[in-house]
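Participant: would you be able to build a 3D model of this:
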Amino acid sequence: MRETISPARRIRGTITPPGDKSISHRGAIFNAIALGSAVLENFLMSADCMATLRCLRGMGVEWRLRENGVLEIEGRGMDGLREPTGVLNCRNSGTSIRLFAGLLAPRPFLSVLSGDASLRSRPMSRVIEPLREMGAAIYGREKGTKAPIVISGGGLSGIDYKMPVASAQVKSALLLAGMPADGETRIEEPYPTRDHTERMLKAMGANVTFGDGAVVCISRQESELSPLSLRVPGDTSSIAPWLVLGTVHPDAEIRIAGVGVNPTRTGLIDALTEMGADIRLEEERTWGAEPVADIVVRSSRLHGARIGGALIPRLIDEIPVLALAACFAEGETEISDAAELRLKESDRVLTTVRGLRRLGGRVEERENGMLITGAGKLKGAKVSSSGDHRLAVMLGVAGLLANGETTVSNSSVVGVSYPRFWHDLRELAEA
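Facilitator: Predicted structure coming up:
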């Protein structure tokens, strides 16, 4: 599938973003091991989240998803998961395979996790190695570093683990593995990452505690988790294109309703604000354990900045659109400490640089990031998503900002995280 986009004269409108992908995954998985029924409103009906639900069904978990995004799920309790009769197919979802590795490592049965060609090529050693330290028996391709992953579960012990690279997925997997394990599991991150897992598990009654700095601990769970019904906030990563579009376009005003503004996820807002963006939070409130607000973004004049360090884990998925914004900023923008980007659905350092250069951007590839010199304009071109939903979204927004037509091939991949993206993009451009 291809989408052709022409530059927009003005940008106006209100967007209600899809439900948060990270919270949707976790809400389904954690409620599956609680005891009783839960309802998740605004559940993200994307390819990744559907892969999680199908895997849960393979473990005996009953659920029903209505067309309006309401998920009803019946938790089986801490010891209620059933041994899968076949391979659990996580498709393209890195969140699914890593969280399920942690969920299944302590369960006393055999399970196999796999996915599509892209997922099978992605490294899994970062989650497998600490699980093995806990006593897990895990096997896989290339000495256990690639899927398919075979887990012979049971008999784990807690560990004190200092993570070499900040990763919310790895942290979440270890917390899930630590709940049934003997003793305490202590996890220390180099920088804080998104904390949806800790917030949700604590609200469900898990023995989660926090230490100084980026330290979280969990101890053996003797009682059942309580089901947690909630409304899933709008996805912070999915609003990224609208924040950049509203900031960079010379005649724009966009209101984004019901967005999660968890401080571990608002790195893009902080980065754009530092660069001079006019972004305002209104109607701040709380849904469940998560802070939510409406966001208004207006045309702004940006200047370059240095983006790195502790900010990177808070905007890792938004770096492609941040790089797009930097193409319109005055001066240079340097993005560093982002080697993690090379391990996503595509090598996002390479594919972002390649896509923006194709559009006339002045972007230099670095080993762990990129250097962008703001040119103030882009030109339309034929570009490819490289099979990566974040790249497709970035290139679609670029098409509204570039001079001339832009055609994005393999555009349907946006369904991984934002099925309505192309519809919403055109709604804003035609307002």
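
Participant: which helix or strand contains residue 352?
Facilitator: helix 348-358 (DSSP states H and E).

Participant: buried residues in that helix?
Facilitator: 348, 349, 351, 352, 353, 354, 355, 356, 358 (16 or more other Cβ atoms under 10 Å). The way it works is simple: take the backbone N, C-alpha and C, and place the C-beta from them, glycine included.

Participant: helices or strands up against the next helix or strand after that helix?
Facilitator: Sequence order places strand 362-366 as the next helix or strand after helix 348-358, per DSSP H and E. Packing contacts for strand 362-366, counted by 3 or more Cβ pairs under 8 Å, 6 or more residues apart in numbering; DSSP states H and E, involve helix 348-358, strand 369-373.

Participant: so which of these is nearest residue 395?
Facilitator: The closest of those to residue 395 is helix 348-358. By Cβ to Cβ, the value is 5.6 Å.

Participant: average model confidence for the closest one?
Facilitator: The average pLDDT for helix 348-358 rounds to 97.

Participant: can you list contacts of that helix?
Facilitator: Helix 348-358 is contacted from outside by 319-320, 323-324, 327, 338-339, 341-342, 363-366, 368-370, 372, 378, 381-384, 386, 388, 390-391, 394-395, 398, using Cβ atoms under 8 Å, 6 or more residues apart in numbering.

Participant: in ChimeraX, how would I select just the buried ones from these?
Facilitator: To isolate the buried ones among the contacts of helix 348-358 in ChimeraX, judged by 16+ other Cβ under 10 Å, type:
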select :319,320,323,324,327,338,341,363,369,370,372,378,381,383,384,386,388,390,391,394,395,398
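
Participant: okay, and which of the contacts of helix 348-358 map to helices?
Facilitator: 319, 320, 323, 324, 390, 391, 394, 395, 398 (DSSP state H).

Participant: now the helices for the stretch 151-300 of the chain?
Facilitator: Secondary structure of the stretch 151-300 of the chain (DSSP state H, counting those that start in this stretch): helices at 168-178, 196-203, 240-248, 267-274.

Participant: returning to that earlier point: would a markdown table of the ones in helices among the contacts of helix 348-358 with distance to residue 194 and pLDDT be doable?
Facilitator: As requested, the ones in helices among the contacts of helix 348-358 are exported to a markdown table (distance: Cβ to Cβ, whole Å; pLDDT from 0 to 100):
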| residue | distance to residue 194 | pLDDT |
| --- | --- | --- |
| 319 | 15 | 97 |
| 320 | 18 | 97 |
| 323 | 21 | 98 |
| 324 | 22 | 98 |
| 390 | 16 | 96 |
| 391 | 21 | 97 |
| 394 | 20 | 98 |
| 395 | 25 | 98 |
| 398 | 26 | 97 |
